[in-house]
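K.L.:
my questions concern the predicted model and sequence given below.
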Amino acid sequence: MAYASSATGVLLAAGTGSRFDPEGLRNKLLAPLSDGARLTCVAAEAAHRLLLVVPTVVAVVRPGAEALAHVLNEAGCDVVFAANAPRGMGASLAAGVGATQDAEGWIVALADMPRIAAASIAAVARAIDGGASLAAPFYEGQRGHPVGFGVEHRDALLALDGDAGARALLSMHALTRIDVDDSGILRDVDTPADLDGL
């Protein structure tokens, strides 16, 4: 483990991935991903990297995504099925926090971002463990993921709904900015072409 954080990880894996496959036949989070000699999938790799830093990770999936839930459980995550997931990322995040209300803080990552360096995740976790209220990595001036939330934001996170996620929360409070040399904090998988660059 690169750095053992006292925060809890929340891996958001409840989106529909409609830009990846408008027909809804292929889940982008289960798309194969080559990692050297190891063959994995997008969500499992994102979970693996988060688990290198945060010993406890709750993965939030939508009802009916049993195959994805199995993969994430095998990767080491506790899985929560979020009934409100179709309402958007905010609802999914609230479900993840609701399942971990005794946490000392949260490191929130996206399951479609499998190339974030463990060092970047650790930098965010260290900031939250050190008392930062909010923390996020930046690459070439752009804010990326994961985002860390201190325990003081529990009620606000539990109240989230819809698709805006925690954007409003991030704009209302001071954010600890962590500059990293890691383009992976910005690279998500939205389309099949995005897999080629990973």
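P.N.:
In hand now; what should we look at?
K.L.:
buried set for the longest helix along the chain?
P.N.:
Criterion DSSP state H: the longest helix present in the chain is helix 118-129. For helix 118-129, the neighbour count (16 or more other Cβ atoms under 10 Å) marks 118, 120-129 as buried. In short, each C-beta sits where N, CA and C put it, glycine included.
K.L.:
just the strands in the protein please.
P.N.:
Taking DSSP state E as the test, the strands found in the chain are 8-12, 32-35, 38-41, 57-61, 78-81, 105-110, 134-139, 142-143, 147-150, 176-179.
K.L.:
buried residues in the fifth one, which are they?
P.N.:
To tie it back to what came earlier, the one meant is strand 78-81. Of all the residues in strand 78-81, those buried under the rule 16+ other Cβ under 10 Å are 78-80.
K.L.:
picking that back up, can I get the strands of the chain in a markdown table including distance to residue 187 and mean pLDDT?
P.N.:
Shown next, in a markdown table, are the strands of the chain (distance: least, Cβ to Cβ, whole Å; pLDDT from 0 to 100):
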| stretch | distance to residue 187 | mean pLDDT |
| --- | --- | --- |
| strand 8-12 | 16 | 97 |
| strand 32-35 | 12 | 77 |
| strand 38-41 | 16 | 81 |
| strand 57-61 | 20 | 98 |
| strand 78-81 | 24 | 97 |
| strand 105-110 | 11 | 97 |
| strand 134-139 | 10 | 97 |
| strand 142-143 | 11 | 96 |
| strand 147-150 | 16 | 97 |
| strand 176-179 | 17 | 97 |
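K.L.:
take those strands and lay them out in CSV including distance to residue 196.
P.N.:
Shown next, in CSV, are these (distance: least, Cβ to Cβ, whole Å):
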stretch, distance to residue 196
strand 8-12, 24
strand 32-35, 11
strand 38-41, 16
strand 57-61, 25
strand 78-81, 29
strand 105-110, 19
strand 134-139, 20
strand 142-143, 21
strand 147-150, 27
strand 176-179, 28
